[in-house]
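Enquirer: Need coordinates for the below:
(one chain, ligands or ions: 1)
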Amino acid sequence: MGWAMSAFNEYEATKRLKELAEKPIDLSKEGALTPKRLEQMVASNLNLKLFYGTERVTEKVMDALCDLAKEAKVIDKMHAMQNGEIINKIEGYESEERSVLHTAMRDFFDRRVEAEAAKKASTEAYAELEKLKMFLDTIDKQNFTDIIQVGIGGSELGPKAIYLGLEAFSRPNRRAHFVSNVDPDDAANVLNRVDLGKTLVVIVSKSGSTLETRTNEELVRKRFLDVGLSPQNHIIAVTGKGSPMDDPKKYRASFYMWDFVGGRYSVTSMVGCVTLAFAIGMEKLLEFLKGAHAMDKVALNEDPYQNLPLLSALLGIWNHNFLGLPTTAVIPYSQAMSRFPAHLQQCDMESNGKRIDKQGKLLDHWTGPIIWGEPGTNGQHSFYQLIHQGTIPVPVEFVGFCKSQRGIDNEYEGTTSQEKLLSNLFAQSIGLATGKKSDNPNKEFPGNRPTRILMAKQCDPYSIGAILALYEHKVAFQGFVWNINSFDQEGVQLGKVLANKIISQFQKMRKGEEFEKDFPLGAVYLNHLKEF
Ligand SMILES: O=P(O)(O)OC[C@H]1O[C@H](O)[C@H](O)[C@@H](O)[C@@H]1O
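Expert: Predicted coordinates:
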């Protein structure tokens, strides 16, 4: 691997942005943040509004960012992705060589992508959805109340984030739970709070070989047997065609996904749909898929101001690559969206945590930011001290909803809880921009800290589908600009290989056999265990 000027640094727009970043706007200056500026810097799609006047951008910066998108041909690349071209690859090196077709998992409402690969994928996805509808019709005739999804990574994070986001829309007496960690207490805690006789279990693993999931499946199967229940009547599978889990006689039902859907992009495939449909019903699941599909079409819009995923991607690149801010906080002002930042950690960081470009060359610039976040207002009582007065400015992507989901609220001291929530959201964005001068350095707020606010009317199935897809495409657009492969994850392999070495040492240690020489580094820790 040799160093060469990356495509990103060769773009004319990059050179202009570097110059502009030498003297960026200071939002804390008197008169910098005005109502007029806030009014002008709003973009909207699908009844979502993106307020970006509190970002450190000017018209010149926005023009250069739009030119960057053009130079990087990001819309052509988005078309290629949605058409099912083989984009998951590293030229000249062994790599996955796959298409990337999570958009096909929801492309059956109106426009269908005509390209053969995409059409075939959406046809297969629709067949799985039909199969799911029939399966749930049989389930509805029995008294199942709970479903446990056993899976990890993309087989848990996105499905759990969206389930919690839409729990308020659950059917009566329908609950979902999630088991992911190989820590036996994770499974035990869930198993102890359900009536197994009324519980379905969906084992989700695209590869069908993930150790944590295989281990948890056996633990759950044993629990059903221990209470005299047949696992066969309760356990269903979601896996890749032909995976080790593709064994329909082992399961009450099997649903499929394909290698062209990455785990972190698989919420709208059967990976997320089985549990979601059980909990919220097919009608609301279809609303969720419609929202994601609508955003897929928005993502093909050439004009960044009419393309919220692209606009978000460009603003993030400005903060990260040009203002030099290493992290991004995603802070939903919605308790229901409490696990959405965790899903985005995988979606963004497993996609863009890369160090080489699509030609295998080491990169001379930053790629994916460190993503983190918790809901507001809770974060205000936790880490906002650093966000306001720390030495590392943190760009914040706020997500807010005008209305609560359940409509249960109370007027206290003249405002409702929802009004108090929104007041805090808007205040934080303004305060982080304007700051506050003080003669006392301990009470001074530097301000000039970039944020934006994505607003929807309500955290409902359609809006959440649209927001999920917005972030999926934001990640993809950033990868397109950086010319990296956002769709494989070689970086997770080394840990697995070393863990398996130590697991085999544990096996030998259990049998009293010599194990130190197999992996001396691991042996040090194992020998210390005996001393506790
Ligand atoms: O769904 P599975 O095949 O069990 O994979 C679960 C997870 O495993 C690994 O951690 C991958 O890096 C993730 O992308 C994937 O979501």
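Enquirer: Show me which residues of this structure are close to the ligand?
Expert: Residues of the chain lying close to the ligand by Cβ under 6 Å from any ligand atom are 152-155, 205-207, 210, 213, 263-264, 350, 489, 492. All C-beta spots, glycine's among them, are computed from the backbone N, C-alpha and C.
Enquirer: 5 Å instead?
Expert: By Cβ under 5 Å from any ligand atom, the part of the chain that sits against the ligand consists of 153-155, 205-207, 210, 263, 489, 492.
Enquirer: what stretches of this structure score poorly on pLDDT?
Expert: 1-4 (pLDDT under 70).
Enquirer: And the nearest residue to Phe322 once chain neighbours are set aside, its phi and psi?
Expert: Closest residue to Phe322 apart from its sequence neighbours, by Cβ to Cβ, 6 or more residues apart in numbering: Ala21 at 4.0 Å. The phi/psi pair for Ala21 (degrees, to the nearest 10) reads phi -70, psi -10.
Enquirer: List the contacts of Ala21.
Expert: Contact analysis of Ala21 by Cβ atoms under 8 Å, 6 or more residues apart in numbering lists 318, 322-324.
Enquirer: Kindly report the same for Gln389.
Expert: 444-446.
Enquirer: Which ChimeraX command selects the buried ones in the residues of the chain next to the ligand?
Expert: Command for ChimeraX that selects the buried part of these, burial taken from 16 or more other Cβ atoms under 10 Å:
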select :153,154,155,205,206,210,263,489
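Enquirer: Just give me the closest of the residues of the chain next to the ligand to Ser463.
Expert: Closest approach to Ser463 among the residues of the chain next to the ligand (Cβ to Cβ): Gly154, at 21.8 Å.
Enquirer: If we ignore the residues flanking it in sequence, what's nearest the closest one?
Expert: Gly263 is the one closest to Gly154 (Cβ to Cβ, 6+ apart), at 2.6 Å.
Enquirer: Check the gap between that neighbour and Gln346 for me.
Expert: Note on Gly263: its distance to Gln346, by Cβ to Cβ, to the nearest Å, is 8 Å.
Enquirer: before we move on, what about Val100?
Expert: 16 Å.
Enquirer: More neighbours: which of the two?
Expert: Ranked by neighbour count (other Cβ atoms under 10 Å), Val100 and Gln346 place Val100 first, with 24 against 21.
Enquirer: Contact partners for that one?
Expert: Counting by Cβ under 8 Å, 6+ apart, Val100 makes contact with 81, 87-88, 260, 262, 265, 476, 487.
Enquirer: could you redo those residues as TSV and give each row neighbour count and secondary structure?
Expert: Compiled in TSV, the contacts of Val100 are given as follows (neighbours: other Cβ atoms under 10 Å; DSSP: H, G, I helix; E, B strand; the rest coil):
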residue	neighbour count	secondary structure
Met81	26	helix
Ile87	20	strand
Asn88	19	strand
Phe260	21	coil
Gly262	26	coil
Tyr265	27	helix
Ala476	29	helix
Phe487	25	coil
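Enquirer: for this structure, what's the longest helix?
Expert: When the chain is parsed with DSSP state H, its longest helix is helix 116-140.
Enquirer: what does that helix contact?
Expert: Residues contacting helix 116-140 (Cβ under 8 Å, 6+ apart): 82-85, 99, 101, 103-108, 112-113, 200, 236, 253, 255-258, 260, 269-270, 273-274, 277-278, 282.
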